[in-house]
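Enquirer: this one's structure only:
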């Protein structure tokens, strides 16, 4: 499908963003590993969370939708009851990484696979850690990527972990409390610390014992259990990024409701990035209020927020002077190489942009509409739609159906604010 975007002069109104994908997937995984019935409220319903539901169900969880956003999950208590020996995680990297460690709790052999994008995403550091902890774990094509084959039961012990993706460590943090032995993990090349902190907050709420030694080493105590819980999922700062960036460039008194500046989500830092660039943005009792203002380029370290890179790159095209995005090489191992993808597509629109090893350098540019590739990456597609909103002419973006992964009603919400965009088959 193609997303057709025309230049938009202004957006205004009140909007609410979807629920957090990161919290929702964690919720399904934790509830599946628990004993008894848990409840999730305000859970995100999207392609990525559907992948999580299917994966957890394959390991024996019983997941029932009670109403919109509300689910009842009966867990398997840390001992999977295999319903399917091959799990398809679709396009969800979070589900792929999290379910891999959960599968290592089972005695039976399980194959985990996904779409073409998942088959390009490295998972070898996690597989190596699982082998060190007693599981059989291998890449079927011997390239360190899915499809992978897992067989447990993992026991615990000691391992080192190359943490170029926070999801590797989160995956182990979630599963290792259920092992017979304690687990010691030495960590190096750590990235995306706020996402690890999110997982640790869940562990704290579920009364799991572990020790974090300044993110250099983690000790997780074994023979623990997850008990049933109820959790209301907060709104998603990663999805909100696109509304915030659009409003910073085109907004007239846009109000975004439901966001919590105290949440552990990494992408709440986008609020700070916009402040640094001179945006008229503030939080009050109404929500996040934002207006168009003169934006100034600056240097931004996105190590903690790789998902924000595509949208921030568009900001760089709109901001006066030079914007340097740095320390985010791990954005290359997401749904696509987001650094290269955004450099290529913004260049087609006339942007002054330079790709670096760990980021991008952008200068204020007059963009023009173009035919663009979306790389089947929801965040690339949505970011390019922002570029289309400030470009002269018409912008067409392919693989636009990818936005269903995390923000199914994105076009509806943006259109209600005044954006000129439509989906075409």
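Expert: Done, it's in. In this text, all values refer to a predicted model and were calculated from it rather than measured experimentally.

Enquirer: mind listing what residue 377 touches?
Expert: 117, 310, 334, 335, 336, 338, 341, 399, 402 (C-beta atoms under 8 Å, 6 or more residues apart in numbering). Placement of C-beta: from N, CA and C, glycine included.

Enquirer: number of nearby residues for the closest residue to the last one other than its chain neighbours?
Expert: The reference is to residue 402. Excluding its sequence neighbours, the residue lying closest to residue 402 (C-beta to C-beta, 6 or more residues apart in numbering) is residue 378, at 4.5 Å. For residue 378, the count of nearby residues is 31 (other C-beta atoms under 10 Å).

Enquirer: and what of residue 110?
Expert: With other C-beta under 10 Å as criterion, residue 110 counts 23.

Enquirer: Could you export the contacts of residue 377 as CSV, including neighbour count, secondary structure and pLDDT?
Expert: Listed next are those as CSV, based on neighbours: other C-beta atoms under 10 Å; DSSP: H, G, I helix; E, B strand; the rest coil; pLDDT from 0 to 100:
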residue, neighbour count, secondary structure, pLDDT
117, 19, coil, 95
310, 30, helix, 98
334, 22, coil, 95
335, 24, coil, 94
336, 24, coil, 96
338, 25, helix, 98
341, 26, helix, 98
399, 19, coil, 98
402, 26, helix, 97
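
Enquirer: Where does residue 126 fall, secondary structure wise?
Expert: helix 124-132 (DSSP states H and E).

Enquirer: list the buried ones in that helix?
Expert: 124, 125, 126, 127, 128, 129, 130, 132 (16 or more other C-beta atoms under 10 Å).

Enquirer: can I get the residues you listed in TSV with pLDDT and distance to residue 31?
Expert: Output for these, formatted as TSV (pLDDT from 0 to 100; distance: C-beta to C-beta, whole Å):
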residue	pLDDT	distance to residue 31
124	98	29
125	98	26
126	98	22
127	98	25
128	98	28
129	98	24
130	98	22
132	98	28
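
Enquirer: could I get the residues you listed as a markdown table with distance to residue 92?
Expert: As requested, the buried residues of helix 124-132 are exported to a markdown table (distance: C-beta to C-beta, whole Å):
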| residue | distance to residue 92 |
| --- | --- |
| 124 | 19 |
| 125 | 18 |
| 126 | 15 |
| 127 | 18 |
| 128 | 22 |
| 129 | 20 |
| 130 | 19 |
| 132 | 25 |
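
Enquirer: Now for those residues: which two are most distant?
Expert: 124 and 132 (12.5 Å; C-beta to C-beta).

Enquirer: ok, the closest residue to residue 352 other than its chain neighbours - how many residues close by?
Expert: Spatial nearest neighbour of residue 352, chain neighbours left out: residue 363 (4.0 Å); criterion: C-beta to C-beta, 6+ apart. Using other C-beta under 10 Å, residue 363 has 16 neighbouring residues.

Enquirer: does residue 363 have beta-bridge partners, and which?
Expert: Beta bridges link residue 363 to residue 322, residue 352, judged by DSSP bridges.

Enquirer: Now for it: which residues touch it?
Expert: So, once contact is read as C-beta under 8 Å, 6+ apart, residue 363 ends up touching 297, 316, 317, 321, 322, 323, 352, 353.

Enquirer: And the strands in the stretch 151-300 of the chain, which stretches?
Expert: 157-162, 183-188, 210-213, 217-220, 230-232, 251-257, 280-284, 287-291, 299-301 (DSSP state E, counting those that start in this stretch).
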